[in-house]
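Student: please work out how this folds:
(one chain, ligands or ions: 1)
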Amino acid sequence: MTTKATRAVGVDIGGTGIKAALVELEDGSLLSERVKVATPTGAEPDDVLAAVKTVLGTLGVTDADIPLGVAFPAIVKHGRTLSAANVADTWVGFEAEKFFEDGLGREIHFANDADVAGVAEARYGAARGVEGLVLLTTLGTGIGTALLHNGVLIPNSELGHLQRANKSTDFERWAAYSAVEREQLSWPEWSKRLQKYYDHLEFVLSPDLFIVGGGVSKHADEFLPLLSLNTPIVPAVHRNNAGIIGAAALALAHDDSSTVSEAESSLVTETD
Ligand code: BGC
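Tutor: Predicted structure coming up:
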C-alpha cells in the first residue's frame, strides 16, 4: 500500500525577504511558523542559497522526503532564470533549479513567485472556482503577475514590466509598493498610480477578477476602496503567504516521490 504526502515546504524568495513554512496541502494552511530572513544584499546565487539553507534549517525541514518548492522573482523556464529585475544579473540565463538542487542535495520544484501565488489563490483562495480570466498582481519590491484562465496558469506573464506610455520607466518602478517607500507616497497618491496601472490592465486583458497580493495586501482597506474599476478587485485570501503556499503546492504536484511508503514518513496520510 502506498500513501501520498499531503505536506510540503514552500520557500518564497523575494527581492527583500526570503520566507518559508511547512504547508498542509489539503487546505493550504501553514503547519509551522513562518520563517523569514532578509534577502542578502546584491542577491547573488551563493548568498541566496545560503539564506535558503538558513530558513530550512530554522524550520527543521532539511529532510529530503518532504517535497520542497522554491519560488523566485524572475522569469523561470525549464528551471532556468531568464530575468533579474530585483536580484543580481548573474541570474539571467542561470540554471537556477539545478543550482538549488545541487546546493541543497535534493530535488526541488522551482517557479516564478507571482505564478505560485496565483496557483495558491486558485487552489485555496480568492480565485478558487472563478471562471474566465483572473489576474493576480503582487505589489511588493516589484510587481509580479499571475494569469489564470479557468484556473489554469499561463506562466511568466511579467505584466509589471509593461511600459508606461511616453515614459522611461515601467509600471513596476512607478507603482510597486517599493515606490511608496522610496517616495513616501500617501495611500491616495499611490492609489492614483494603481488606478492607471489597473485601468491599463483592464483595457488590454478584460479580466474577470483582479487579486492583489504581496505584503501590502494586509492593508487592502487603505487603497482598494480608492480604486474605480469595472473589474472586481479583492485582496489575496492568503495575503503574503500565497507564495509560500503555492510553492509548496507545486512541489507536490511535480514531486515523483510524493507517493511514499507508509513507513517512510510520519508526514503522510492515506490516499483515497
Ligand atoms: C519580476 C517578476 C516577479 C516580480 C515580483 C518582477 O520584477 O520581473 O518575475 O514576479 O518582480 O517579485
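Student: okay, buried residues for the helix or strand containing Ala51 please.
Tutor: Counting by DSSP states H and E, the element that carries Ala51 is helix 45-59. Residues Pro45, Val48, Leu49, Ala51, Val52, Val55, Leu56, Leu59 are the ones in helix 45-59 that count as buried (16 or more other Cβ atoms under 10 Å). Just so you know, the C-beta spots here come from the backbone N, C-alpha and C atoms, and that holds for glycine as well.
Student: which neighbours does the helix or strand just after it have in its sheet, and in what orientation?
Tutor: Counting by DSSP H and E, the element after helix 45-59 in chain order, helix or strand, is strand 68-72. Paired strands of strand 68-72, with direction, are strand 7-13 (parallel), strand 109-112 (parallel) (DSSP bridges).
Student: now mean neighbour count too, for those strands, in a markdown table please.
Tutor: Formatted as a markdown table, the entries for the strands paired with strand 68-72 read as follows, by neighbours: other Cβ atoms under 10 Å:
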| stretch | mean neighbour count |
| --- | --- |
| strand 7-13 | 27 |
| strand 109-112 | 26 |
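Student: so which of these is nearest the ligand?
Tutor: When the strands paired with strand 68-72 are compared by Cβ to the nearest ligand atom, strand 109-112 sits nearest the ligand, at 5.3 Å.
Student: and the stretch 101-250 of the chain, which of its residues are near the ligand?
Tutor: Proximity of the stretch 101-250 of the chain to the ligand (Cβ under 6 Å from any ligand atom) is limited to residues Asn112, Asp113, Ala114, Thr138, Gly142, Gly144, Glu158, Gly160, Glu172.
Student: which among those end up buried?
Tutor: Buried members of these, scored by 16+ other Cβ under 10 Å, are Asn112, Asp113, Ala114, Thr138, Gly142, Gly144, Glu158, Gly160, Glu172.
Student: narrow those to those in strands?
Tutor: Asn112, Thr138, Gly144 (DSSP state E).
Student: ok, the nearest residue in space to Asp113 that is not next to it in sequence - contacts?
Tutor: With Cβ to Cβ, 6 or more residues apart in numbering as the criterion, Asp113 has its nearest non-adjacent residue at 4.1 Å, and that residue is Ala71. Ala71 makes contact with 10-13, 110-113, 115-117, 243-244, 246-247 under the criterion Cβ atoms under 8 Å, 6 or more residues apart in numbering.
Student: just those residues now: which is nearest Leu82?
Tutor: Checking the contacts of Ala71 against Leu82 with Cβ to Cβ, the nearest one is Asn112 at 10.0 Å.
Student: can you pull the contacts of that closest one?
Tutor: In this structure, Asn112 makes contact with Ala71, Phe72, Pro73, Ala74, Ile75, Val76, Gly144, Ala146, Pro155, Asn156, judged by Cβ under 8 Å, 6+ apart.
Student: so how far is stretch 180-196 off the chain centroid?
Tutor: From the chain centre to the centre of stretch 180-196 is a distance of 22 Å (Cα atoms, centre = their mean, to the nearest Å).
Student: contacts for that stretch, please.
Tutor: Among residues not part of stretch 180-196, those counted as contacts by Cβ under 8 Å, 6+ apart are Leu139, Arg164, Trp174, Ala175, Ala179, Val216, Glu222, Phe223, Leu226, Leu227, Ser228, Leu229.
Student: so who does the fifth one touch?
Tutor: Taking Cβ under 8 Å, 6+ apart as the definition of contact, the neighbours of Ala179 are Arg173, Leu185, Trp190, Arg193.
Student: most neighbours among those residues, which one?
Tutor: Neighbours here are counted as other Cβ atoms under 10 Å. On that basis the top member of those is Trp190, with 21 neighbours.
Student: quick check: which element contains it?
Tutor: Take DSSP H and E as the rule and Trp190 turns out to sit in helix 187-205.
Student: for that helix, buried residues please.
Tutor: Taking 16+ other Cβ under 10 Å as the basis for neighbour counts, the residues of helix 187-205 that come out buried are Trp190, Ser191, Arg193, Leu194, Gln195, Tyr197, Tyr198, Leu201, Glu202, Leu205.
Student: the fourth one and Ser228, how far apart?
Tutor: Look at Leu194 and Ser228: by Cβ to Cβ, to the nearest Å, they are 11 Å apart.
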